[in-house]
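Participant: take a look and give me a structure for this.
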Amino acid sequence: MTPDRDPMLAAIDAYRQAEAAYVQFVRSTDDDEAVDAFTEEHLTPARDAIIYQTPHATTRAGAAEALRAALAEKDTCDPITAPLIRAALAWLDGETSA
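Facilitator: Here you go, the predicted structure:
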């Protein structure tokens, strides 16, 4: 990570890369133990970095991407949270309401 890289963007990128590698690995094997080991080695650390060591966004882009990532986790947003996140994201993205 470069010093000027937003820590939140870096964490989200690392998680997405780990998630993509996980999906590819799962498709390549039927070995549940290998999948568990892969998960613990690759996906869990990236996920845990966001959950337990949540980096602060240091840019508008980092804040917006954090909101996008939250919305992508559809099963974790209740009916009121998702619209609130979308409203904040719209402002960050420079959209205006009609």
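Participant: moving C-terminal of the helix of greatest length in the chain, what's the next helix or strand?
Facilitator: Using DSSP state H to define each element, the chain has its longest helix at helix 7-28. Using DSSP states H and E, the helix or strand that directly follows helix 7-28 along the chain is helix 32-38.
Participant: list the buried residues for that next one?
Facilitator: For helix 32-38, the neighbour count (16 or more other Cβ atoms under 10 Å) marks 35, 38 as buried. C-betas here are computed from N, CA, C, even on glycine.
Participant: which residues are contacting that helix?
Facilitator: Residues outside helix 32-38 that contact it (Cβ atoms under 8 Å, 6 or more residues apart in numbering): 22, 25, 26, 29.
Participant: contacts for the longest helix of the chain next, please.
Facilitator: Residues contacting helix 7-28 (Cβ under 8 Å, 6+ apart): 1, 34-35, 38-39, 42-43, 45-47, 49-50, 54-59, 61-63, 65-66, 69.
Participant: now that helix: mean pLDDT?
Facilitator: Helix 7-28 comes out with an average pLDDT of 96.
Participant: got the CA positions of that helix in PDB?
Facilitator: Backbone C-alpha positions of helix 7-28 (Å, rounded to 0.1, in the frame of the first residue of the first chain) are rendered in PDB as follows:
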ATOM      1  CA  PRO A   7      -6.800   2.700   3.900                       C
ATOM      2  CA  MET A   8     -10.500   1.900   3.400                       C
ATOM      3  CA  LEU A   9     -10.000   1.500  -0.400                       C
ATOM      4  CA  ALA A  10      -7.000  -0.800   0.200                       C
ATOM      5  CA  ALA A  11      -9.000  -2.900   2.700                       C
ATOM      6  CA  ILE A  12     -12.000  -3.200   0.400                       C
ATOM      7  CA  ASP A  13      -9.700  -4.100  -2.600                       C
ATOM      8  CA  ALA A  14      -7.900  -6.700  -0.600                       C
ATOM      9  CA  TYR A  15     -11.200  -8.200   0.500                       C
ATOM     10  CA  ARG A  16     -12.600  -8.300  -3.000                       C
ATOM     11  CA  GLN A  17      -9.500  -9.900  -4.400                       C
ATOM     12  CA  ALA A  18      -9.600 -12.500  -1.600                       C
ATOM     13  CA  GLU A  19     -13.300 -13.100  -2.300                       C
ATOM     14  CA  ALA A  20     -12.600 -13.600  -6.100                       C
ATOM     15  CA  ALA A  21      -9.800 -16.000  -5.300                       C
ATOM     16  CA  TYR A  22     -12.100 -17.900  -3.000                       C
ATOM     17  CA  VAL A  23     -14.800 -18.200  -5.600                       C
ATOM     18  CA  GLN A  24     -12.300 -19.400  -8.100                       C
ATOM     19  CA  PHE A  25     -10.800 -21.900  -5.700                       C
ATOM     20  CA  VAL A  26     -14.200 -23.300  -4.600                       C
ATOM     21  CA  ARG A  27     -15.100 -23.900  -8.300                       C
ATOM     22  CA  SER A  28     -11.800 -25.800  -8.800                       C
END
